[in-house]
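Enquirer: This is a predicted model, with the sequence first.
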Amino acid sequence: MFVNTTSLLLQAGGGNPMFSLLFMVGMIVVMYFFMIRPQAKRAKEEKKFAENLNPGEKIITTAGIHAVITRANDDGTLQIEVSRGSFMIVERTAVSMQLTAAYRKRTETPAVATTK
């Protein structure tokens with residue numbers, strides 16, 4: 001079956017070269033809008049998120065470390081407090097936007113009291 005289909009396509013050959021060109025351009029446009037553009041938008045959002053981190057905020061790093069920002073340094077790093085008296089210095093880009101947003105959403109919603 002595969003051999004017959006391939007040989008038929010090869011025999012047909014000589015199609016309109018303009019159609020092939022338009023098809024390739026169309027594929028590139030589709031790839032741009034579905035893959036490249038959303039990725040660039042997400043990178044821009046993550047950069048903005050990292051720039052707006054302030055002392056006192058609870059965060060989660062990409063390594064899964066839960067901490068509180070104690071100081072934002074000018075060199076693109078943050079001093080975080082992991083536990084009382086235990087400090088670390090991490091890059092701003094090491095803070096996970098998705099994990100931190102999920103953590104904040106989870107902790108900001110009040111617990112519903114259940115009665116029996």
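Expert: Now that the structure is in, tell me what you want to look at. Residues are numbered from 1 along each chain as shown.
Enquirer: Let me know the pLDDT of the residue nearest the centre of the chain.
Expert: Residue closest to the average C-alpha location in the chain (Cα atoms, centre = their mean): Arg42, at 5.3 Å. With respect to pLDDT, Arg42 has a value of 88.
Enquirer: Which other helices and strands does the helix or strand harbouring it contact?
Expert: Using DSSP states H and E, Arg42 sits in helix 37-51. In terms of contacts (3 or more Cβ pairs under 8 Å, 6 or more residues apart in numbering; DSSP states H and E), helix 37-51 is packed against helix 97-108. No exception for glycine: its C-beta is placed from N, CA and C like everyone else's.
Enquirer: List the buried residues in the helix holding Arg42.
Expert: Phe49, Ala50 (16 or more other Cβ atoms under 10 Å).
Enquirer: Determine how far the helix or strand that it is followed by lies from the middle of the whole chain.
Expert: Scanning forward in sequence from helix 37-51, with DSSP H and E defining helices and strands, the next element found is strand 58-60. With Cα atoms, centre = their mean, to the nearest Å as the basis, strand 58-60 stands 17 Å off its chain's centre.
Enquirer: List the neighbours of strand 58-60 that are in contact with it.
Expert: Residues outside strand 58-60 that contact it (Cβ atoms under 8 Å, 6 or more residues apart in numbering): 53, 66-69, 80, 95-96, 99-100, 103-104, 107.
Enquirer: now this structure, which segments are flagged as low pLDDT?
Expert: Applying pLDDT under 70 to the chain picks out residues 1-15, 109-116.
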